[in-house]
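Q: okay, here's the prediction I keep looking at, along with the sequence it came from:
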Amino acid sequence: MAKGYWLVKSEPSVYPWERFLKEKRTTWDGVRSFEARNNLRAMKKGDLVLFYHSNEGKEVVGLATVSAEASPEKTSDEGEWSVVELSAKKTLTRPVTLAQIKAEKKLAGFGLVKKSRLSVVPASAEDFELILALSGTKA
């Protein structure tokens with residue numbers, strides 16, 4: 001079965017990559033967009049995830065894996081939301097900035113560019129590999 005690829009966003013002032021790396025594992029919760037929630041529900045254990053610092057930094061900084069598939073978000077009373085569990089894998093050799101991503105014609109269809117407001121977006125294998133190549137990182 002083919003592996004899935006994703007990108008999740010977090011503001012460094014809310015949940016920075018360094019904290020995730022120290023904690024090693026986190027429950028990805030608080031997603032309040034139906035499309036992003038559906039993306040969480042599509043994640044499979046073992047899928048690879050790019051970690052993006054939004055608002056401040058605006059760069060892909062780390063690589064994670066899906067360690068547990070979607071389950072109901074227990075902390076929410078306002079609807080049918082989901083969470084996944086992510087495990088930190090490694091820091092990218094060099095961060096890949098939003099400007100670099102937008103400048104790369106091959107990434108014009110990437111979810112971070114096309115649906116910039118979504119906090120969880122799918123990535124094609126080609127998009128994922130290109131971002132890792134831009135960072136000088138091996139998966």
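A: On my side now, so go ahead.
Q: what is the neighbour count of Thr93?
A: Number of residues near Thr93 (other C-beta atoms under 10 Å) recorded here: 11. Where C-beta positions appear, they are placed from N, C-alpha and C, glycine not excepted.
Q: tell me the contacts of it?
A: Applying C-beta atoms under 8 Å, 6 or more residues apart in numbering to Thr93 gives the contacts Ser135, Gly136, Thr137.
Q: with pLDDT and neighbour count as extra columns, can I get these in a markdown table?
A: Formatted as a markdown table, those follow (pLDDT from 0 to 100; neighbours: other C-beta atoms under 10 Å):
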| residue | pLDDT | neighbour count |
| --- | --- | --- |
| Ser135 | 98 | 21 |
| Gly136 | 97 | 10 |
| Thr137 | 94 | 17 |
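Q: now, which of the residues you listed sits nearest Ala88?
A: Relative to Ala88, the closest of the contacts of Thr93 is Thr137; by C-beta to C-beta it sits at 13.7 Å.
Q: what about the closest one, distance to Glu11?
A: Distance, Thr137 to Glu11, using C-beta to C-beta, to the nearest Å: 22 Å.
Q: roughly how far apart are the residue sitting furthest away from the middle of the chain and Glu85?
A: Within the chain, Asp77 marks the point farthest from the mean C-alpha position, 24.8 Å out by C-alpha atoms, centre = their mean. According to C-beta to C-beta, Asp77 stands 21 Å off from Glu85.
Q: correct me if wrong: Ser54 contacts Ser13.
A: No - counting by C-beta atoms under 8 Å, Ser54 does not reach Ser13; the two are 10.2 Å apart.
Q: the two: who's more crowded?
A: Ser54 (18 against 10).
Q: all set now, cheers.
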